[in-house]
Every structure is written in structure tokens, then in C-alpha cells.
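# Need coordinates for the following:
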Amino acid sequence: MADEEKYLGRVYFDAATVDDEMLKDCILQKHIAKSSKYIEDLAESLNVDIDEILDPTPFKIAELAESYALMETAKKQSMMNTTGTAEGADSYELKRRVYASEVNRLEAQITADTFTGGKSASRRTFPMSAPVYRG
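Numbering: from 1, shown residues only. Coordinates of the predicted model:
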């Protein structure tokens with residue numbers, strides 16, 4: 001991680017364990033801060049108070065925070081805008097697309113319960129069945 005002023009808010013993933021060889025040394029404190037603000041904004045949009053988010057951070061929340069930070073890192077490193085075609089995209093833009101897709105996938109699985117220790121949407125099975133008894 002590059003040297004700069006340390007982010008003092010809660011961090012929802014461990015930047016030291018990022019294993020993306022291309023991006024791990026490019027993550028800045030501003031990317032971590034933006035990721036944390038994104039997680040907290042998502043929690044608030046689901047009516048979860050920031051203080052209610054479990055510590056240690058639930059796995060899916062940590063994965064979402066890391067993916068968002070890596071997406072932001074790749075976006076800032078890319079030499080092109082995000083509307084380029086795959087043929088003309090640089091390697092950072094291609095990474096940004098991978099992480100943007102991961103952010104979308106994970107965000108779709110997260111509910112208020114994910115932040116507070118309940119079941120996430122992907123664990124619930126639908127259609128549900130319930131026994132009906134005749135009286």
C-alpha cells in the first residue's frame with residue numbers, strides 16, 4: 001500500500017491480505033476510505049445503523065469492501081475511460097470490469113441481516129414450503 005495519510009474510520013477488509021498482484025501495491029488510503037463509506041452507505045440504505053455492523057466484519061461484507069476498493073484502485077490506475085471496448089481496454093480497465101461485476105454480484109446478496117449476523121439473501125431457498133394441517 002502506498003504511503004499517505006492513514007484513514008481513521010472503520011476498515012471493513014484487511015488490505016494487507018489483498019492477493020491481486022497487479023493492484024495490491026496500488027491501493028491507497030483514499031480507496032480504503034471510499035470503500036468504507038460505500039459499505040456504511042449501503043448499511044444505512046438497508047436501515048442498519050453503522051454501530052450495528054458486526055465486528056469482526058461478516059465475510060460477504062468484507063469481500064464487498066475489498067472488491068469495491070480494488071475496483072476504485074483499478075479505475076484510478078486505468079489510462080482510459082470506462083466506455084472503451086474490451087479490445088482497446090488496458091489491463092487496469094479489464095480489472096475494473098471484473099471487480100465491478102463482483103461488486104454487483106455481492107451487493108445483490110446482501111440484506112440488512114448480513115450486516116447484523118442474520119442470513120444473507122443467497123442462503124434462503126425459495127420457493128418456501130410450510131406444512132398445512134387440517135383441523
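# Let me know the helix or strand that the residue nearest the centre of the chain is in.
Of all residues in the chain, the one closest to the mean position by CA atoms, centre = their mean is Leu64, 1.8 Å from it. Leu64 is part of helix 59-77, with elements assigned from DSSP states H and E.
# what packs against that helix?
In terms of contacts (3 or more CB pairs under 8 Å, 6 or more residues apart in numbering; DSSP states H and E), helix 59-77 is packed against helix 29-45, helix 91-109, helix 112-116. Quick note: C-beta positions are derived from backbone N, CA and C, even for glycine.
# thinking again about what came up before, can you pull the contacts of the residue nearest to the centre of the chain?
Shown in contact with Leu64 (CB atoms under 8 Å, 6 or more residues apart in numbering): Tyr12, Ile39, Leu42, Val103, Leu106, Glu107, Ile110.
# quick one: low-confidence ranges for the chain?
Scanning the chain for pLDDT under 70 picks out 1-5, 7, 81-88, 119-130, 135.
# 80 instead, please
Applying pLDDT under 80 to the chain picks out residues 1-8, 80-89, 118-135.
# hang on, the earlier thing: for the helices and strands packed on helix 59-77, give me a markdown table that also has distance to Lys75 and mean neighbour count.
Below are these laid out as a markdown table (distance: least, CB to CB, whole Å; neighbours: other CB atoms under 10 Å):
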| stretch | distance to Lys75 | mean neighbour count |
| --- | --- | --- |
| helix 29-45 | 9 | 18 |
| helix 91-109 | 5 | 16 |
| helix 112-116 | 25 | 19 |
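# Tell me how far Glu52 lies from Ala16.
The spacing between Glu52 and Ala16, counted by CB to CB, to the nearest Å, is 26 Å.
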